[in-house]
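Chemist: My questions concern the predicted model and sequence given below.
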Amino acid sequence: MGLRKDDRMVHEGHKTKQKTGMNEMFDVFFSKEKFDTIIEIGTLPGGFALYLAEKSQDMGAKFYTFDIRQANTNLIDKLESFGAKFFKQNVVENKTISKLIQSGGRVLLLNDGIKVPAFKKFAPDLKINDCIFTHDYKHEWQFSDISECINTNNLKVINEEFEEYLWLCCVKGVQ
């Protein structure tokens, strides 16, 4: 049970997998919370990546987006115009994201790729006050699939208002 195509947000002419109105929720979130690095897993179709690249540039953050599929040149050029970097990688088979998380500063990791494996792989890498958000948790998997990981890694569920948009939002707490 996914969103109908006409219910999905479009940004800069590029489609997204996000429900219309999601950008307004993130606008409010980004007005309150600042990050040094924003990482997105699951770039394509690209509209949400462009939105995040713009927001990252506005707050002076670095933005990296990952997909196992190759993005088209037009999308990559637009991302790069905002200082963003696209990686064509299988994220669970490399250490790029772990290194980015540990490189310093506050991190927001947006997981719209391989949900449970990526969540379980990167949650332990988060530093205090870093955030991990995962999309489609009500459609593709259950909260119980990661509840132990949330507890083990001292994550706290936040921003319940995002639930309408199918995002599970967690912040790393104090040890």
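Modeler: Received the coordinates, thanks.

Chemist: Using the three-state scheme, assign residue 169.
Modeler: Assigned state for residue 169: strand (three-state reduction, DSSP: H, G, I helix; E, B strand; the rest coil).

Chemist: and the nearest residue in space to residue 26 that is not next to it in sequence, how many neighbours?
Modeler: Leaving aside its sequence neighbours, residue 26 sits nearest to residue 55 (C-beta to C-beta, 6 or more residues apart in numbering; 7.0 Å). No exception for glycine: its C-beta is placed from N, CA and C like everyone else's. Here the count is done by other C-beta atoms under 10 Å, and residue 55 has 20 residues near it.

Chemist: Show me which helix runs longest in the chain.
Modeler: The longest helix of the chain (DSSP state H) is helix 47-59.

Chemist: which non-adjacent residue is nearest the residue nearest to the spatial centre of the chain?
Modeler: The chain has residue 110 as the residue nearest its centroid, 1.3 Å off, counting by C-alpha atoms, centre = their mean. With sequence-adjacent residues excluded and distances taken as C-beta to C-beta, 6+ apart, residue 110 is closest to residue 40, at 4.7 Å.

Chemist: hey, what's the one you found bridged with?
Modeler: residue 65, residue 110 (DSSP bridges).

Chemist: what bits of this structure have low per-residue confidence?
Modeler: Applying pLDDT under 70 to the chain flags residues 1-6, 8-19, 136-142, 165, 174-175.
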